[in-house]
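# return a 3D structure for these sequence lines:
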Amino acid sequence: MKSMMRMAAVLLVSGGTVWAQYAPRQASPLSFRLYGLAEQYEWKETFEGRQVVKESGPVFGAGGELDLAFAPLAFEGIGEFTAGDLDYTGELVMEDGRTVPARSTTAYTGLKLEAHLAASLNPGDQAAFKVYGGIGTRGWQRSLDTSLSDNELGRYGYEESWASVYGIVGCAVETAAGPGGKWFGRVEARLPVDDTIEVDMSNVGGPDSVDLNPKGKTTVYGEAGLKSGWLFLAAFAETLDYGRSDMADEVPVFQPASKATIIGGKLGIWF
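Coordinates of the predicted model:
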């Protein structure tokens, strides 16, 4: 009798026939994703239609996601940290106005935080669809002209600290992929809200705080992957895009038009 109660049996009587239907276990309203990530990062700056800076190389990091469902809505939080050394190809502007080709290394560190509110729709037993909106912030530091050994700034080195705030509108889908597995994917647009750069030029004889405001543009993010048991594997791609900033008030410098293309993968646990 007790075992029957534990299985939460529901008795249905129809036409003198007794059917036993067992209530399925309720899914937990709370889920987590913890993962490592690797990405190929490419950053380009252009001025008057000419590329003046290119940075590229691998970046590595770790992240986590939390989903808290209170049907039909859900709260989603995302946090990621990344770091890496990128190969730098650019130019040095000399005192007489000449430009000299330069190759160096840029040390990169970044942090991303996002919060979404999602609404779930269920078109079928084997698939789930949701739409979501939210806000995100992304900050990163570019330490230009650094040593591969200890990331100390070189003779021409300086540091840029970027901060972006953006709105998020997206959709996501999950569908069954055999017993215990599922395919999942999402795509979203990121809408610029506020973008700033603080430049420390003290290493090259300038001020230690120069403020710039690049013109943020709408960008996209996409992710697709497979979950099996507690493990999941996903591929993702995203862009960052900024128009040229105005000239700084402190010194005659500006941020050229800048764009990043990021392609990577995630591997982790989902529970």
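# what is the helix or strand harbouring residue 174 packed up against?
Using DSSP states H and E, residue 174 sits within strand 153-176. Judged by 3 or more Cβ pairs under 8 Å, 6 or more residues apart in numbering; DSSP states H and E, the packing partners of strand 153-176 are strand 99-124, strand 127-146, strand 181-200. Yep, even glycine has a C-beta here, placed from its N, CA and C like the rest.
# partners of it, with directions?
Strand 153-176 pairs in its sheet with strand 127-146 (antiparallel), strand 181-200 (antiparallel), by DSSP bridges.
# roughly how far does the most centrally placed residue in the chain sit from residue 82?
Central residue of the chain (Cα atoms, centre = their mean): residue 112, 6.2 Å from the mean position. Residue 112 is 8 Å from residue 82, where distance means Cβ to Cβ, to the nearest Å.
# do residue 171 as well
Applying Cβ to Cβ to residue 171 and residue 82 gives a distance of 25 Å.
# the two: which is more packed in?
Counting neighbours by other Cβ atoms under 10 Å for residue 171 and for residue 82 shows that residue 82 has the greater number, 21 against 14.
# look up which residues are beta-bridged to that one.
residue 61, residue 110.
# again with residue 143
residue 107, residue 159.
# surely it and residue 157 touch.
Yes: counting by Cβ atoms under 8 Å, residue 143 touches residue 157, with 6.9 Å between them.
# how far out from the middle of the chain is stretch 164-178?
Stretch 164-178 sits 12 Å away from the centroid of its parent chain (Cα atoms, centre = their mean, to the nearest Å).
# so what touches that stretch?
Residues outside stretch 164-178 that contact it (Cβ atoms under 8 Å, 6 or more residues apart in numbering) are 114, 116, 118, 126-139, 182-195, 216, 221, 226-228, 240.
# drop anything exposed from those.
114, 116, 118, 128, 130, 132, 134-136, 138, 182, 184-186, 188, 190-192, 195, 216, 221, 226-227, 240 (16 or more other Cβ atoms under 10 Å).
# where does pLDDT dip in the protein?
1-28, 93-97, 123-125, 148-149 (pLDDT under 70).
# rewinding a little: save the helices and strands packed on strand 153-176 as CSV, and put in distance to residue 48 too.
Output for the helices and strands packed on strand 153-176, formatted as CSV (distance: least, Cβ to Cβ, whole Å):
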stretch, distance to residue 48
strand 99-124, 13
strand 127-146, 21
strand 181-200, 20
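# residue 266 is nearest to which of those?
For those, proximity to residue 266 was assessed by Cβ to Cβ; strand 181-200 is nearest, at 11.5 Å.
# what's the first helix or strand after that closest one?
strand 210-212.
# so which elements touch the very next helix or strand once past that following strand?
Note on strand 210-212: by DSSP H and E, the next helix or strand toward the C-terminus is strand 215-216. On a contact count with 3+ Cβ pairs under 8 Å, 6+ apart, strand 215-216 meets strand 181-200, strand 231-243.
# point out the one among those strands that comes closest to residue 255.
Across the helices and strands packed on strand 215-216, closest to residue 255 is strand 181-200 (Cβ to Cβ), at 5.8 Å.
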